[in-house]
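>>> sequence? don't have it. structure:
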């Protein structure tokens, strides 16, 4: 079976704007992370072609893009399982287990998107320092997008963990999310500083 082509951006945005619960915030956050990774690929590719010695950064960016490219659909599927589980009759003896498992899966999906976005943010910060000077603003944009992706995904982690009855599992997810979010924020700030625009934006 040939691989399924991703939807056109306008089609995906129409689905995001629909009254259906999926795709939602988690998928949107992952899509922002994928956009950040794509920008990193662009910056590294141009730099590598010009002899800038960015081959390692290009490979890392391509890996990040392939990882994040799949995450909007993965998040959508994981949250669809939550919706399906919640729609089970309350008298269904398997409902509680189905809901718990679906919430863990959705939290895992969001946390993995956070981790991937944090990696991209750090790469973007590095590209803002060592990449082509005229593309430093693109690298900074990638870092900010990746930071926003991590922040958005963190809300999805919180939403899913708040509904969990297993508070120990919820606490582990929240700790992981907090760590990844801090790394992404730090990288975004570093990239803006490297691009020399942080002070200008704040004036």
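Looks like it came in fine. Every value quoted in this text rests on a predicted model; they were computed, and no experiment measured them.

>>> show me the contacts for the residue nearest the centre of the chain.
Per Cα atoms, centre = their mean, the C-alpha nearest to the average position across the chain is that of residue 30, at 3.5 Å. Taking Cβ atoms under 8 Å, 6 or more residues apart in numbering, we find residue 30 in contact with 68, 71-72, 74-75, 113, 117, 149, 153. Just so you know, the C-beta spots here come from the backbone N, C-alpha and C atoms, and that holds for glycine as well.

>>> Tell me the most packed of those, by neighbour count.
Highest neighbour count within these: residue 117, with 36 neighbours (other Cβ atoms under 10 Å).

>>> Quick check: next helix or strand after the strand or helix carrying it?
According to DSSP states H and E, residue 117 maps onto helix 95-130. Remark: after helix 95-130, the chain's next helix or strand is helix 136-162, criterion DSSP H and E.

>>> helices or strands up against the very next helix or strand once past that following helix?
Scanning forward in sequence from helix 136-162 by DSSP H and E, the next helix or strand is helix 167-195. Packing partners of helix 167-195 (3 or more Cβ pairs under 8 Å, 6 or more residues apart in numbering; DSSP states H and E): helix 95-130, helix 136-162, helix 198-202.

>>> if you set the cut-off to 6 Å instead, what comes out?
Packing contacts for helix 167-195, counted by 3 or more Cβ pairs under 6 Å, 6 or more residues apart in numbering; DSSP states H and E, involve helix 95-130, helix 136-162.

>>> Next, the angle from the longest one to helix 167-195.
Okay, so that is helix 95-130. Going by axes from the mean of the first three to the mean of the last three Cα atoms, to 10 degrees, helix 95-130 is angled at 20 degrees with respect to helix 167-195.

>>> Flag every buried residue along helix 95-130.
Using 16 or more other Cβ atoms under 10 Å as the test for burial, helix 95-130 gives 98-100, 102-128.

>>> what's the answer for stretch 166-180, then?
Using 16+ other Cβ under 10 Å as the test for burial, stretch 166-180 gives 170, 173-174, 176-177, 180.

>>> Switch these over to a markdown table; also include distance to residue 26 and pLDDT.
Below are the buried residues of stretch 166-180 laid out as a markdown table (distance: Cβ to Cβ, whole Å; pLDDT from 0 to 100):
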| residue | distance to residue 26 | pLDDT |
| --- | --- | --- |
| 170 | 16 | 93 |
| 173 | 13 | 93 |
| 174 | 16 | 93 |
| 176 | 15 | 89 |
| 177 | 12 | 88 |
| 180 | 14 | 86 |
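
>>> Residue 34: which of these is nearest?
residue 180 (16.4 Å; Cβ to Cβ).

>>> how far away is that closest one from residue 37?
Remark: distance between residue 180 and residue 37 (Cβ to Cβ, to the nearest Å) = 15 Å.

>>> same deal with residue 91?
45 Å.

>>> Compare those two (neighbour count), which wins?
Neighbours per residue, other Cβ under 10 Å: of residue 91 and residue 37, the larger number sits with residue 37, 31 against 6.

>>> The more buried one is in what secondary structure piece?
helix 25-49.

>>> What of residue 22?
Following DSSP H and E, one finds residue 22 outside all helices and strands.
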